[in-house]
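**Student:** coords below, sequence missing:
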């Protein structure tokens, strides 16, 4: 998919845009997380994020979940150097760009999600 093209998504696959946007917005504002890949993705996607801007509960939930899961993944990878990670229902998850210590990282999702990815 050309990143200037508007993604053709609805339902569950469309929610991945909201979560990557929340991580990018947090990176650009308060900085509780640093997800430069999310910023890069959002800067390239043609999508109206005005509803996401109004949903502070969703934003806070995504940020909290990102902090917790990043800590858990880092802890696991520190103890299991060279692990293979399989991220099921990955959406536009960018965790692999924030982690070290894995040998392979596989992101799996629905075909329409992978087409955007």
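**Tutor:** Arrived safely. Since this is a predicted model, take the numbers as computed values, not measurements. Numbers count the residues shown, from 1 in each chain.
**Student:** Does the nearest residue to residue 22 once chain neighbours are set aside belong to a helix, a strand or coil?
**Tutor:** Take residue 22 and drop its neighbours on the chain: the residue closest to it by CB to CB, 6 or more residues apart in numbering is residue 62, 3.8 Å away. Just so you know, the C-beta spots here come from the backbone N, C-alpha and C atoms, and that holds for glycine as well. Using DSSP: H, G, I helix; E, B strand; the rest coil, the structure places residue 62 in helix.
**Student:** What of the one 5 residues further on?
**Tutor:** Three states are possible here, and by three-state DSSP the one that applies to residue 67 is helix.
**Student:** next one: the one 3 residues further on
**Tutor:** Using three-state DSSP as the criterion, the local structure at residue 70 reads helix.
**Student:** check contacts around the residue nearest to it when sequence neighbours are not counted.
**Tutor:** Of all residues not flanking residue 70 in the chain, residue 98 sits nearest, at 6.0 Å (CB to CB, 6+ apart). Residue 98 makes contacts with 34, 35, 37, 70, as judged by CB atoms under 8 Å, 6 or more residues apart in numbering.
**Student:** what separates the residue lying closest to residue 20 once chain neighbours are set aside from residue 53, distance-wise?
**Tutor:** Spatial nearest neighbour of residue 20, excluding adjacent residues (CB to CB, 6+ apart): residue 92 at 4.0 Å. In this view, residue 92 and residue 53 are 18 Å apart by CB to CB, to the nearest Å.
**Student:** So if I had to pick from these two, which one is more boxed in?
**Tutor:** Using other CB atoms under 10 Å as the criterion, residue 92 and residue 53 rank with residue 92 on top: 24 against 12.
**Student:** Touching, that one and residue 17? I think so.
**Tutor:** Yes. When contacts are counted by CB atoms under 8 Å, residue 92 is listed as touching residue 17 (7.1 Å).
**Student:** just to revisit the earlier point, so who does the residue nearest to residue 20 touch?
**Tutor:** If you count contacts by CB under 8 Å, 6+ apart, residue 92 has them with 16, 17, 19, 20, 38, 41, 113, 116, 117.
**Student:** Fine by me, thanks again.
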